[in-house]
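Visitor: sequence below, structure please.
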Amino acid sequence: MEVIVESGDLLAQYLVSDVQESPEVTQMLLDLVDQVATGDLESWEGTGNAFTLTLTPEGATIQPEFGSDTEPRHVSLDDLREALGGWLAVIRGD
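Guide: You can find the predicted model right below:
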């Protein structure tokens, strides 16, 4: 599968570099988003290959980890859930 990512789109870069083509990781992140959104989990943070993802009830933050002057990207949990759902469909070939 070839995915073309715009250089300024941190969410897409995160999906490609850190989530990769793993349905298991994608589903785990969807579950974590839901747990934070419902209050079952206060917050969550994980560092992958190139980014750190932080989930709080206020939203998600994607922070580049290496040599980047790029500002972190803040998205709502709903927007992240939508992106992860779309990513899962792509990697499963739905």
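Visitor: so where is the chain shaky, pLDDT-wise?
Guide: 1-8, 67-68 (pLDDT under 70).
Visitor: same thing but 90
Guide: Applying pLDDT under 90 to the chain picks out residues 1-10, 65-71, 93-94.
Visitor: quick one: the helices in it, in order.
Guide: 10-14, 23-38, 77-92 (DSSP state H).
Visitor: so which bits of stretch 45-59 are buried?
Guide: For stretch 45-59, the neighbour count (16 or more other CB atoms under 10 Å) marks 50-55, 59 as buried. For the C-beta atoms, the positions are set from N, CA and C on the backbone; glycine is no exception.
Visitor: quote the end-to-end distance of it.
Guide: 12 Å (CA to CA, to the nearest Å).
Visitor: and stretch 10-18, by the same measure?
Guide: When the termini of stretch 10-18 are compared using CA to CA, they are 11 Å apart.
Visitor: please apply the same query to stretch 51-66.
Guide: End-to-end span of stretch 51-66 (CA to CA): 8 Å.
Visitor: let's have the chain start at 23 instead
Guide: Sure, I'll start numbering at 23, so the last one becomes stretch 73-88.
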